[in-house]
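Trainee: Have a look at this prediction, sequence included:
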Amino acid sequence: MASFPSPGRPAPRRRDERGVAFPSPLVMLSVLAVAMASITFVATRDQAPTERRVDTATIASADQTPSAEPTPTEAETPSPEPKPKPQVKRGEVYVEVYNNSGIRGLAAETATKATGVGWAVVGEDNWQGLIPTSTVYFPPRLKAAGKQLALDLGIKRTAPAVGVMKRDRLTIILTADAPR
């Protein structure tokens, strides 16, 4: 007996077993990875390995082996003349002093000390952030001046300028361990 659709109802569909089943993306990626690995293996199988194992014992023994060339004596090698260190002109370098401790007036006190030895202090304020110890921060071109400022004030740590620090001056950030 054939079933006819009743009015207002669609006819039941017959299942079609024919069709295309697409593999999941994971299967496709796996097949692609295996194909690429196979191509790479075939393309590089005749080449010599480019990796070498380096042991510290090998390096040490290579350093101790005598060379066939004679080493020049001190009389034969000209000694390079030491470069004179550039003289830091304290009054020409700007300095900003920041207080990162709970000690009131520490930045002002240090600014007065820096001005007293000739540095051009252009500002002082409080610093927000975590600094491990009192530090003189310097831009690359003022590294020597940063080291000199640290020596002048008794600050033990110097570091390259970071973040929002200005690149035309030295920045001192003081913590509770600042010399007084």
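Mentor: Okay, I see it. Numbers count the residues shown, from 1 in each chain.
Trainee: Only C-alpha atoms from now on, for both contacts and neighbour counts.
Mentor: OK.
Trainee: Point out where this structure drops to low pLDDT.
Mentor: 1-23, 46-86 (pLDDT under 70).
Trainee: Swap in 90 and give it another go.
Mentor: Filtered on pLDDT under 90, the chain yields the residue ranges 1-33, 36-88, 102, 129-130, 163-164, 177-180.
Trainee: For it, just list every one of the helices.
Mentor: 25-44, 56-64, 106-116, 143-153 (DSSP state H).
Trainee: in the last one, what counts as buried?
Mentor: Of the residues in helix 143-153, those scored as buried under the neighbour-count criterion (16 or more other Cα atoms under 10 Å) are 143, 145, 146, 147, 148, 149, 150, 153.
Trainee: Please verify my assumption that residue 103 contacts residue 176.
Mentor: Yes. If you go by Cα atoms under 8 Å, residue 103 and residue 176 touch, sitting 7.0 Å apart.
Trainee: Return the distance of residue 127 relative to residue 107.
Mentor: Using Cα to Cα, to the nearest Å, residue 127 is found at 10 Å from residue 107.
Trainee: got it, and residue 133?
Mentor: Residue 133 is 14 Å from residue 107, by Cα to Cα.
Trainee: Could you measure from residue 91 over to residue 126?
Mentor: Taking Cα to Cα as the measure, residue 91 falls 23 Å from residue 126.
Trainee: Comparing those two, which shows the higher neighbour count?
Mentor: A count of neighbours by other Cα atoms under 10 Å puts residue 126 above the other of residue 91 and residue 126, at 17 against 13.
Trainee: so how far is residue 159 from the more buried one?
Mentor: For residue 126, the distance to residue 159 equals 19 Å [Cα to Cα].
Trainee: just residue 133 next, same as before
Mentor: Distance from residue 133 to residue 159, counting by Cα to Cα: 11 Å.
Trainee: More neighbours: these two, which one.
Mentor: Applying other Cα under 10 Å to residue 133 and residue 159 shows that residue 133 carries more neighbours, namely 18 against 15.
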